[in-house]
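Colleague: here is a sequence with its predicted model. Questions after.
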Amino acid sequence: MNEQSIRALFRNAREVVAVLAADGRVLQISEAAAEVLGHRPAALTGAPLDRHIHPDDLAEAHRRLQARIAAPAGSSGTAVFRFRHADGGWRWLEATTRNHLADPAIGGLALNIRDVSDRMAMSERLRASEARYQTLAESAPVGILQTDPAGRVLFANAHVGAITGLPLDRLLGDGWLDAVHPDHRARVEEDWRRDLPGGAGAPPLLLNVPIADDRDVAGGDRPVLCRRVRLEDGSGFIATITDMSEYARTARALLLSEARNNAILDTVADAILTVDDRGVLLGFNRAAEAMFGVAAAELLWRPLDRLIPLDRLRETGGVRLAFAPGQTTALIARDRAGEAERADGTRFPVELSVSASEVEGRRLYTAIVRDVTERRRAEAELLAAKEAAEAADRAKSVFVATMSHELRTPLNAVIGFAQLMEMRIGLPGEVDRLRACVGSIRHAGEQLLTIIDDILDMTRVEAGGLSLVERPVDLAELAAQTVAQLEFQAGRTPVTVELQADGDLPPLRGDERRLRQALCNLLSNAIKFSHPQGTVTLSLAQATDGWVELVVRDHGIGMRPEDVATALTPFVQIDQSINRRYEGIGLGLPLALRLVEAHGGTLALDSRPGQGCTATVRLPPWRVMTVEEMLAALG
């Protein structure tokens, strides 16, 4: 071979062609090295080839190189080793080395190198597959049969003998059918041989094979499941035989357990929900259906995106609870407050107790949900009753203190003036002084009697025992008498009381004493809270809607609009301190309101601090008497 032919060979060869020196350096290498080895020929020429050989293969490569150098000229040998590709990975290469050291045209060891990585990988997979098959056949927990195309058994693993109770030699051929219960043997054999002549695409055959088992403590058959598939090359079949006895017992026990659990879940009063860590609803009992107003079938196996927030069914803060070794269940929340939503959109308060469990690495959350609407309502009512009782207790204390003050004031006056009279009796020129003392005693007694009457009247009103003595009432005359009755109180302040009555005001049918009492309380209140030299106006007129209006207006201290309800509460005053400026037991306005309402009327207060107060009494039109009613009353 001349030099020109050698160059052509190095240029055109599809496999890597190289010449190595005796020391392992590359003297020449073909262009195919770039494709097979990933290195340009120039990068490999002049360098030792063993620098790219896998460390585990290096010693063997050196040994073979020395053996080839020592071998006769023209001898060759083949070896497989791993070579590092330029991309960093390892390639399996098959190298055939021929000794041409003595050939002056070559002067080295000629190498033919080809990539056999795919072949090595395939061989390795084949060896692994065969090993796996052998391992599976001998260690599989199921029986394995291999048959010829006619269905006769060629191979059976030990597990088939354990299931059937037959020795392995009796299982070969058609002997395995001896293990089938006589009542089912013909059917099983027929099913077994069905579709045997079919092609490779014949569907798998599933058989329920009852094995006659005298070892069964219950004396019954041992159910097994047989699955048969055709080998792709048509050389026969592979069949598996699975003992279903334990499965059948477990299935029956599971059905019984599920029935018992479902009975318990469906009888509890609280809703019980189970979701997985993805929020998919796995459990929803009947109480939950009733509570949320939706059937379980509409929600199960779907993400729970309504009814209750998912974060209420998981760990607080979203931090996943880590179970201790061996632990599978843990309580993560007890009596957790929350809000739920029914299917119709209504929301209601709930309390939840949530537990987390691990099932084969899957986190499940089970929540017991209790509707606490009624309990919250009862708690609110109880709290309101408690606050009302406390308020009543405070009101009682204030009332006792106020009554003590209000009753002691006139009593002290009575006692004081009586003592003064005792000291002055018999002294000359004391008649006028004694007369004044008697008047003061009378006034104090009347004041005390008014307080007691107001208390008794309020008690009657609250008890529903107030009865009206109705007769014709001249409102204008009643108003004039009331103003005259309060002249003494107005003179002490001093305050001017003005009466503005409509001359055409019709008579009313009502209880004159109670109407006078209500009007007196309103005027007395207006006088008490007016500034000195102030004016209180009482106006009477019939409104355009037929109602009769009595309006008491003052320009005194007034009160805030939010204090109006307090002013109309019995035994309560806006200023409840003992050292308050204005006397009274807090019955004037409340009693006036009750007396007006007893007549079917209304009482409204309009007031602002520093602008006085306007009290408006409205009596209904049916209280206005006609001429015929007046004549009948006079007759």
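Modeller: Structure's in. What do you need? For clarity, every value in this text was computed on a predicted model and none was experimentally measured.
Colleague: for Phe529, grab phi and psi.
Modeller: The phi/psi pair for Phe529 (degrees, to the nearest 10) reads phi -100, psi 10.
Colleague: what's the burial count for it?
Modeller: 22 (other CB atoms under 10 Å). C-beta here means a position set from N, CA and C on the backbone, and glycine is covered the same way.
Colleague: do Ala121 as well
Modeller: 11.
Colleague: so who does it touch?
Modeller: Trp92 (CB atoms under 8 Å, 6 or more residues apart in numbering).
Colleague: that one and Glu130: what is the separation?
Modeller: 15 Å (CB to CB, to the nearest Å).
Colleague: kindly report the same for Leu93.
Modeller: Noted for Leu93: a distance of 25 Å to Glu130, by CB to CB.
Colleague: same check, this time on Ala356
Modeller: For Ala356, the distance to Glu130 - CB to CB - is 46 Å.
Colleague: which one's more surrounded, the two?
Modeller: The neighbour count for Ala356 versus Glu130, taken as other CB under 10 Å, is higher for Ala356 (21 against 10).
Colleague: now the more buried one: which helix or strand?
Modeller: Using DSSP states H and E, Ala356 sits within strand 347-359.
Colleague: can you list the strands that that strand pairs with?
Modeller: Looking at strand 347-359 with DSSP bridges, its partner strands are strand 329-341 (antiparallel), strand 362-371 (antiparallel).
Colleague: let me see the mean pLDDT of it.
Modeller: For strand 347-359, mean pLDDT rounds to 85.
Colleague: in that strand, what's buried?
Modeller: Neighbour counts over strand 347-359 (16 or more other CB atoms under 10 Å) mark 350-356 as buried.
Colleague: again with stretch 265-283
Modeller: 265, 270-275, 281, 283.
Colleague: any idea which of the residues you listed is closest to Ala385?
Modeller: Distance to Ala385 across the buried residues of stretch 265-283 (CB to CB) is lowest for Asp270, with 27.7 Å.
Colleague: about what we covered before: indicate which one of the strands paired with strand 347-359 is closest to Ile53.
Modeller: Closest among those, using CB to CB: strand 362-371, at 49.4 Å.
Colleague: what does that closest one rub up against?
Modeller: So strand 362-371 is in contact with 270-277, 282-283, 288, 291, 308, 312-314, 320, 332, 340, 348-358, going by CB under 8 Å, 6+ apart.
Colleague: swap the cut-off to 7 Å and go again
Modeller: Here strand 362-371 makes contact (CB atoms under 7 Å, 6 or more residues apart in numbering) with 270-277, 282, 291, 313-314, 340, 348, 350-357.
Colleague: give me the mean pLDDT for it.
Modeller: 85.
Colleague: in that strand, which residues are buried?
Modeller: In strand 362-371, counting by 16+ other CB under 10 Å, buried: 363-371.
Colleague: same deal with stretch 525-541?
Modeller: Quick answer for stretch 525-541 (16+ other CB under 10 Å): 525-530, 534, 536-540.
Colleague: again, but for stretch 34-50
Modeller: For stretch 34-50, by 16+ other CB under 10 Å, it's 34, 36-39, 41, 44-45, 49-50.
Colleague: hey, where'd the helices end up in the stretch 151-300 of the chain?
Modeller: With helices called from DSSP state H, counting those that start in this stretch, the stretch 151-300 of the chain shows them at 158-164, 168-171, 182-193, 245-267, 286-292.
Colleague: I should have written the stretch 351-500 of the chain there, sorry.
Modeller: 373-424, 431-463, 475-485, 487-492.
Colleague: before I go, just wanted to say thanks for your time.
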